[in-house]
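Undergrad: Sequence plus the predicted model coming up.
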Amino acid sequence: MMDTDSEQNAVDFAESWDAYELDPTFVNSRREAIVIFISWFVAMCWAVPYCYFNGYNIADPADIPTTFGIPSWVVWGIGAPWIAADLFTTWFCFRFMQDDDLGVAGDEEPLEHNTGGAE
Amino acid sequence: MFDSLSLLIGQGESGNAVLITFLIYIIAVFVIAGLSNKLLQGRNFLSEYFLGSRGLGVWAFALTLAATSSSGGSFMGFPAKIYSHGWVLALWIGSYMVVPICVMGLLGKRINQVARTSGAITIPDVLRDRFNNATFGLISVALIIFFMTFNLVAQFKAGAEILRTLLGPIEAFNSVVESLPSWFSNFSNESTDYVFCLVVFGIAVIVYTTYGGFHAVVWTDVMQGVVMLVGVVVMLPLAINQASNAIDPGDSTKTGMALVTEEMGKMLPPRYLTLVIESTEALEADISIAQGTWLSSQGFPLYGDATRIFRTTTRCPLEKRSGLAVVEAIEIVSENDRQRSWRALETQNAAETETAADLGKLKVRRVLNKASLHIPEGYPVAIEDISLKPGLLLPFEGKDGKQRIAMLYSILTPKEKRTSGAPLDVFLFQILYTEGRILETELAGYAEQIQEAPYLEDLKLVDIDEGFYAYGASEDQRGAYLTAPGPDETEANGFLPLSLAISFFFMWAISGTGQPSNMVRLMAFKDTLTLRRSIFTVAIYYTLIYMPLVVIFCCARVLLPGMEAEADRIMPQMAVTLTSNIGMGWLAGLLIAAPFAAVMSTVDSFLLMTSSAFVRDIYQRNLNPNAAEDKIKKLSYFFTLVVGLAALMGAMFDPPEFLQDIIVYTGSGLAAAFLAPVVFALYWPRSNHQGCIAAMLGGFGTHLAMYCIGFLNGDGFTPYRLFGTDPIILGLAASFIVGYVVTKSTPPPVDTIVKKYFYKKMEE
């Protein structure tokens, strides 16, 4: 199986670059990875500075304000961005991310064959 | 075995119910393994055994990834940290808000595609095939085995500890442990019950993983993931309700969680001390004082205070003959905690057991502080001739700048190891900061002592440990459990200074992305629709798990005072307390199964990954590429079994002390070594094997160097933190920079490889 693949590839790869285009799965993956990395950075830029200015160096720690019984710096510094992150994730998964062809591995073929036989 | 847990959970019905619930859970795990083994028939063995034939659907993929990430650290170490440091743990875990999208989305689609293109089954496979370089594959295998060895041993210990806590209060379990032959305990320096639990846990995990392979691991992960979620969801309302009811509101108008938070604001962290305890009556036999035992001076003034209360942090024997023992303990300092602790002590001593009767006879006679005594080089008197008797007065400069006098209790350094120029470890009677005439009398006593023996003047006390937290213990820091950086026993900057808060944002999201155990799962999902739905599922799952955990274990500070003495056991202890308080002890079986499930799901994945490194990456890819499937099958079973048994032996003979530290070390180390090479391999067509090998070794070496520097500085397993940041940041930065520079300065890859992985032939 592998030998046949290699021979096939060898023929293909000998062709000029003009016959090739960037794999759309690669292009989409890279675009999505960049957006995800930015979302991580935004989450950090919200959570850490907010907590730093409102949760650190408190003059009277025992008298800290609370929201829903939880220290307010935790609610607005972590809880709120967490919910925002969940909303973003929902949008990302169901609106932004593309469905792409992942290909078929050599070891999947016997499985496909078996399934076909059962049907 | 005596355990404080047995005071909270009855020996009868509830104990048996816990056992039955737990046994049902274990049986379910084995049934899944049996069904999974059937799936192996008629499929490509290696692909099915190590990768589930690349066919995972949404629930399987989402929950296996979530459960594997939620290791023993999440369900033992994390609750222990919340309990010990308070609300700041919300910031510590904060980046979990983006962990699902980062861990699954950054690499998921691409690594799955590349693995299918190359036919790879393991991560070393991916790297080897992507660059067509066998050396790269072997280097990555070596690193995986190196890190997994540490991690597996730690996870096995965690599994044994959880099982011990679960079964400890059950009579049938104790009878079995007591009836074990004496040679059984010779396997380890640890207690017999630990060894027994380790063997039971180890064999269960090894058998179902070996027999069922990847699908067994995945489907048990799914079940374990559900158990974890149910555990947290059930515990949350119980914890808030019971903690708020346990507080005397006084003048406060607050209720529920607000009352709990207000109560936490009054708390001060405990003090670490050494106690001399004595039996007030003759004992009938030697007794063993368990870790977590409550002790007091029984109401008699101890250094002027009649309400001091302590909890032991180590197990220690008390011989009938001497009736005396020295034991490490914490002292409960906060007044509100003290009241609840007295109730716990009364409950402990009122239990109708023989051990409780013995504990009722124990009284704290002395409180000791540790210190070092410096004897200068060239001391005029031979060290063995110096009279260092108990009661010797020793001067030191107090925090207030005044000269103070301490009193020697005993010397810990053995005689043969005492040399001038080297400090001696000593115990001092508890240091009291006296004033006025008492201080004058002490100073006069010291002057008299020097007059009699002038050479004693050169003895200097250094490194006096008064047992206070380095941050959070002073009156002006009261309320540190509500704020950042949170109280800390050893760090004067607190638990989570800003630099570490940033580090942990890297740690969980970015380091999680770099874990080979997660990457393997990313190679196993069926299609991109599965990936999209799974990211969403895991995001909701983590939201329901992590923030509630912070709330639950902040409540634990109120419900279970003094658990700093055995913080790693707070999760099972809390489960038992919450359920027994509502008369549903059987539910504890399910709740305790949550952390047990977490450890199991991590151990089985790591076990399979390590055995795949041996079978696929070393044997099949390098030694015998044409090996028959039957031989591969036998070797897979054999290596899974051997790796599991080796980790079990490690946890038996030399169990690691710092579970969470080891998990952090291996997690960050793997990310530092693997993330950059995999990112380059997947997203940079110009990348080559030279650059990626350099990135891997650069990240690994830099990360390891930080730990080595920390060790050489005498900080043990605590790494050196450049600019206060965790080694993961420096390791990742080094890995990406080295990889980029080396790639740019070496020849580009051949066109055939670039075309194969990054291009597609245009359709005519």
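TA: That came through fine.
Undergrad: Is the biggest helix by length in chain A positioned near chain B?
TA: Counting residues, the longest helix in chain A under DSSP state H turns out to be helix A:24-55. Yes: using CB under 8 Å from any CB of the partner chain as the criterion, contacts between helix A:24-55 and chain B involve A:24-26, A:28-30, A:32-33, A:36-37, A:39-40, A:43-44, A:47-48, A:51-52, A:55. All C-beta spots, glycine's among them, are computed from the backbone N, C-alpha and C.
Undergrad: residue ranges of the strands in chain A, please?
TA: Under the criterion DSSP state E, chain A contains strands at A:20-22, A:66-67, A:70-71.
Undergrad: which one in chain A is furthest away from the centre?
TA: The outermost residue of chain A relative to its centre, with distances by CA atoms, centre = their mean, is A:Asp60 at 40.7 Å.
Undergrad: ok, now which ones touch the nearest residue to that residue once chain neighbours are set aside?
TA: Closest residue to A:Asp60 in three dimensions, ignoring its sequence neighbours and counting by CB to CB, 6 or more residues apart in numbering or on different chains: B:Gly479, at 7.2 Å. Taking CB atoms under 8 Å, 6 or more residues apart in numbering or on different chains as the contact definition, B:Gly479 lies against A:58, A:60-64, B:264-267.
Undergrad: middle-most residue in chain A, spatially?
TA: The residue lying closest to the centre of chain A (CA atoms, centre = their mean) is A:Ile36, at 5.4 Å.
Undergrad: Contact partners for the closest residue to it other than its chain neighbours?
TA: Take A:Ile36 and drop its neighbours on the chain: the residue closest to it by CB to CB, 6+ apart is B:Gly105, 4.7 Å away. Contacts here follow CB under 8 Å, 6+ apart; on that basis B:Gly105 touches A:32-33, A:36, A:92, A:97, B:531, B:535.
Undergrad: one step back: how far away is the residue nearest to the centre of chain A from A:Cys45?
TA: To A:Cys45, A:Ile36 is 15 Å away according to CB to CB, to the nearest Å.
Undergrad: dump the residue contacts of residue 89.
TA: All of this refers to chain A. When contacts are taken as CB under 8 Å, 6+ apart, A:Thr89 is in contact with B:100-101, B:535-536, B:539.
Undergrad: sorry, should have said chain B
TA: Under the criterion of CB under 8 Å, 6+ apart, the contact list for B:Leu89 reads B:78, B:81-82, B:486, B:550, B:553.
Undergrad: most neighbours, which of these?
TA: Comparing the contacts of B:Leu89 by number of neighbours (other CB atoms under 10 Å in any protein chain shown), B:Ile82 comes first, having 29 neighbours.
Undergrad: Could you double-check that that one lies in contact with B:Val550?
TA: Yes: with contacts defined as CB atoms under 8 Å, B:Ile82 counts as touching B:Val550 at a distance of 5.6 Å.
Undergrad: which element is the closest residue to B:Gln430 other than its chain neighbours on?
TA: Nearest non-adjacent residue to B:Gln430, counting by CB to CB, 6+ apart: B:Val367, 4.1 Å away. B:Val367 is located in strand B:362-374, with elements delineated by DSSP states H and E.
Undergrad: Show me the contact partners of the helix or strand following that strand.
TA: Beyond strand B:362-374 in the direction of the C-terminus, DSSP H and E gives the next helix or strand as strand B:393-397. Identification of contacts with strand B:393-397 by CB under 8 Å, 6+ apart yields B:373, B:403-408, B:428, B:442, B:445-446, B:449, B:459-461, B:464.
Undergrad: count of neighbours near A:Leu22?
TA: Burial of A:Leu22 is recorded as 12 neighbouring residues (other CB under 10 Å).
Undergrad: what element comes up after the helix or strand of chain B with the lowest mean pLDDT heading to the C-terminus?
TA: Of all helical and strand segments in chain B, the minimum by mean pLDDT, DSSP states H and E falls on helix B:5-8, at a mean of 37. In the C-terminal direction, the helix or strand that comes right after helix B:5-8 (DSSP H and E) is helix B:13-39.
Undergrad: what about the helix or strand that that next one is followed by, average pLDDT?
TA: As assigned by DSSP H and E, the chain's next helix or strand after helix B:13-39 is helix B:45-51. When the per-residue pLDDT values of helix B:45-51 are averaged, the result is 74.
Undergrad: Show me what helix B:45-51 packs onto, helices and strands only.
TA: Counting contacts by 3 or more CB pairs under 8 Å, 6 or more residues apart in numbering or on different chains; DSSP states H and E, helix B:45-51 packs against helix B:192-245, helix B:629-653.
Undergrad: now for the shortest one, which elements pack on it?
TA: Meaning helix B:629-653. Other helices and strands packing on helix B:629-653, by 3+ CB pairs under 8 Å, 6+ apart, are helix B:45-51, helix B:134-167, helix B:192-245, helix B:586-612.
Undergrad: okay, the angle between the helix or strand that that helix is followed by and helix B:134-167?
TA: Using DSSP H and E, the helix or strand that follows helix B:629-653 in sequence is helix B:659-683. Using axes from the mean of the first three to the mean of the last three CA atoms, to 10 degrees, the direction of helix B:659-683 lies 150 degrees away from that of helix B:134-167.
Undergrad: relative to helix B:586-612, how tilted is helix B:659-683?
TA: Between helix B:659-683 and helix B:586-612, the angle formed by their directions is 50 degrees, by the same axes, to 10 degrees.
Undergrad: And helix B:659-683, what's buried?
TA: B:659-683 (16 or more other CB atoms under 10 Å in any protein chain shown).
Undergrad: Quick one: work out the angle between that helix and helix A:24-55.
TA: When the same axes, to 10 degrees is applied, the directions of helix B:659-683 and helix A:24-55 differ by 140 degrees.
Undergrad: Against which helices or strands is helix B:659-683 packed?
TA: Secondary-structure packing of helix B:659-683 (3+ CB pairs under 8 Å, 6+ apart): helix A:24-55, helix B:108-118, helix B:123-131, helix B:134-167, helix B:511-513, helix B:516-522, helix B:689-712, helix B:727-744.
Undergrad: Apply 6 Å and report the result again.
TA: The helices and strands touching helix B:659-683, judged by 3 or more CB pairs under 6 Å, 6 or more residues apart in numbering or on different chains; DSSP states H and E, are helix B:134-167, helix B:511-513, helix B:689-712, helix B:727-744.
Undergrad: rewinding a little: quick one: average pLDDT of the longest helix of chain A?
TA: The pLDDT scores in helix A:24-55 average 96.
Undergrad: Which neighbouring elements make contact with that helix?
TA: With contacts defined as 3+ CB pairs under 6 Å, 6+ apart, helix A:24-55 has these neighbours: helix A:72-74, helix A:80-91, helix B:99-105, helix B:108-118, helix B:498-505.
Undergrad: Going along the chain, name the strands of the stretch 351-500 of chain B.
TA: Read by DSSP state E, counting those that start in this stretch, the stretch 351-500 of chain B holds these strands, from start to end of the chain: B:362-374, B:393-397, B:403-411, B:424-429, B:460-465.
Undergrad: Of these, which is nearest B:Ile545?
TA: strand B:460-465 (37.6 Å; CB to CB).
Undergrad: Neighbouring strands - and their directions - for the closest one?
TA: strand B:362-374 (antiparallel) (DSSP bridges).
Undergrad: Mind listing what's buried along the strand it pairs with?
TA: Along strand B:362-374, these residues count as buried under the neighbour rule (16+ other CB under 10 Å): B:362-364, B:366-374.
Undergrad: could those be laid out in TSV, adding pLDDT and distance to B:Asp715?
TA: Putting these into TSV (pLDDT from 0 to 100; distance: CB to CB, whole Å) gives the following:
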residue	pLDDT	distance to B:Asp715
B:Leu362	90	36
B:Lys363	92	37
B:Val364	93	32
B:Arg366	91	31
B:Val367	93	28
B:Leu368	94	25
B:Asn369	92	22
B:Lys370	92	18
B:Ala371	92	20
B:Ser372	91	17
B:Leu373	88	23
B:His374	85	21
